[in-house]
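**Student:** Next comes the sequence, and after it the predicted model I'd like to discuss.
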Amino acid sequence: MKTNLLEISDIEVCYGDAQALFGAALSVAEGEFVTLLGRNGMGKTTTVRTATGIMSARSGRVQFAGQDVSRWPSYKIARLGLGLVPEQRQVFPNLTVMENLVATAHNRLQHKDPWTLERVYKLFPRLKERAGNLGLNLSGGEQQMLAIGRALMTNPRLLVLDEATEGLAPIVRGEIWDCLQTLKNTGLSVLVIDKNIGPLLRIADTHFILEKGRTVWSGSSPSLLANRDVLQETLGV
């Protein structure tokens, strides 16, 4: 039985007086590909922000890599091996592709086969072609590839992607899904938020669904495919 790398238990989170999460929970085991699904405004990004230390939970617990990180700042959680690809990419606009990739690069956990420039360029050949281009001059798809590559250069144990393919052209979305399948095949743990259910059902091991700040369903891809009521009621599929 695999050990949970990330475990979120009964977290409640507020924005001022407005409560966004009401006991949300999920887990990601070592080497597992997990999705966090739900309609807009259900608390998915808030859950990720809490898991990464960008926000603090009012109650509940976040455990990562065997430690209770519920009150840790984001930089300390990142040092444990959590790599975030944030919503809207947030690449450094005035740095080149190469500079973006090396800016936060580190093999703090001493991986035997670490992510390097060459390895990222092999995963995303287009980034090698654009190595000298500024971040602000990249297309949306190229920026997403760069954001993923930048996170991989920190050599994470868990890669978290918030809206992995939002706003991207279909052909670019396909490239991102191929990348994520490749990363899964390497044994990297991955947590993904995205609205494109079809590819996620093919790639992911486990799904968690949020509804109004609560985890209302979890299970495997075959279980989700077989449960059409859940798909329709919580995802509108």
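**Tutor:** Received, thanks. Numbers count the residues shown, from 1 in each chain.
**Student:** For the chain, which segments count as helices?
**Tutor:** According to DSSP state H, the chain carries its helices in the segments 44-51, 74-79, 97-103, 117-123, 125-129, 140-152, 170-185, 197-203, 221-226, 228-230.
**Student:** In stretch 57-68, which residues are buried?
**Tutor:** 57, 60, 62, 63, 64, 65 (16 or more other CB atoms under 10 Å). (C-beta placed from N, C-alpha, C; glycine too.)
**Student:** for this protein, which spans come out with low pLDDT?
**Tutor:** For the chain, residues meeting the criterion pLDDT under 70 lie at 1, 237.
**Student:** quick revisit: possible to save the helices of the chain as JSON lines with mean neighbour count and distance to residue 210?
**Tutor:** Putting the helices of the chain into JSON lines (neighbours: other CB atoms under 10 Å; distance: least, CB to CB, whole Å) gives the following:
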{"stretch": "helix 44-51", "mean neighbour count": "24", "distance to residue 210": "6"}
{"stretch": "helix 74-79", "mean neighbour count": "16", "distance to residue 210": "21"}
{"stretch": "helix 97-103", "mean neighbour count": "20", "distance to residue 210": "31"}
{"stretch": "helix 117-123", "mean neighbour count": "15", "distance to residue 210": "30"}
{"stretch": "helix 125-129", "mean neighbour count": "15", "distance to residue 210": "32"}
{"stretch": "helix 140-152", "mean neighbour count": "23", "distance to residue 210": "23"}
{"stretch": "helix 170-185", "mean neighbour count": "16", "distance to residue 210": "20"}
{"stretch": "helix 197-203", "mean neighbour count": "16", "distance to residue 210": "14"}
{"stretch": "helix 221-226", "mean neighbour count": "15", "distance to residue 210": "14"}
{"stretch": "helix 228-230", "mean neighbour count": "12", "distance to residue 210": "12"}
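**Student:** export those to TSV and tack on distance to residue 32?
**Tutor:** Formatted as TSV, these follow (distance: least, CB to CB, whole Å):
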stretch	distance to residue 32
helix 44-51	15
helix 74-79	19
helix 97-103	26
helix 117-123	20
helix 125-129	27
helix 140-152	18
helix 170-185	9
helix 197-203	11
helix 221-226	12
helix 228-230	20
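**Student:** wait, doesn't residue 177 sit right on residue 170?
**Tutor:** No: counting by CB atoms under 8 Å, residue 177 does not reach residue 170; the two are 10.5 Å apart.
**Student:** quick one: contacts for the nearest residue to residue 139 once chain neighbours are set aside?
**Tutor:** With sequence-adjacent residues excluded and distances taken as CB to CB, 6 or more residues apart in numbering, residue 139 is closest to residue 172, at 8.0 Å. Going by CB atoms under 8 Å, 6 or more residues apart in numbering, residue 172 touches 139, 140, 141, 144, 165.
**Student:** Many thanks, I have nothing further to ask.
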